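Enquirer: Pasting the sequence and the predicted model now:
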Amino acid sequence: NPFAIASWLHLVRVRCRPFDDGNGRTTGLISSIPLLRHGYPPISIPLDMLDKYFRSIDNAYHGNHGPLTQCMLDGM
């Protein structure tokens with residue numbers, strides 16, 4: 001499932017902040033690879049969805065990846 005893989009990659013990468021700038025863009029790019037390989041568009045989280053996005057990351061850290069996957073779908 002490319003969405004499950006993208007969610008897992010996103011979750012792992014989003015908490016790692018190795019750069020001074022561009023961490024979010026890098027995370028989105030890396031997480032988009034499984035989606036792009038299956039013909040889906042890349043991940044894009046609109047600014048008006050940021051609160052929902054941050055809550056979905058917290059949910060995913062507690063084992064519920066559904067909201068993060070839905071957030072990715074809503075941003076497409």
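Expert: That came through fine. Since the structure is predicted, the reported quantities are computational estimates derived from the model, not experimental observations.
Enquirer: longest single helix anywhere in the chain?
Expert: If you go by DSSP state H, the chain has its longest helix at helix 23-37.
Enquirer: Who are the packing partners of that one?
Expert: Counting contacts by 3 or more CB pairs under 8 Å, 6 or more residues apart in numbering; DSSP states H and E, helix 23-37 is packed against helix 2-14. The way it works is simple: take the backbone N, C-alpha and C, and place the C-beta from them, glycine included.
Enquirer: could you give the mean pLDDT of the helix it packs on?
Expert: Predicted confidence along helix 2-14 averages 88 (mean pLDDT).
Enquirer: cool, and stretch 62-76?
Expert: pLDDT averaged over stretch 62-76 gives 89.
Enquirer: Report the distance from the longest helix of the chain to the chain centre.
Expert: Offset of helix 23-37 from its chain centre (CA atoms, centre = their mean, to the nearest Å): 7 Å.
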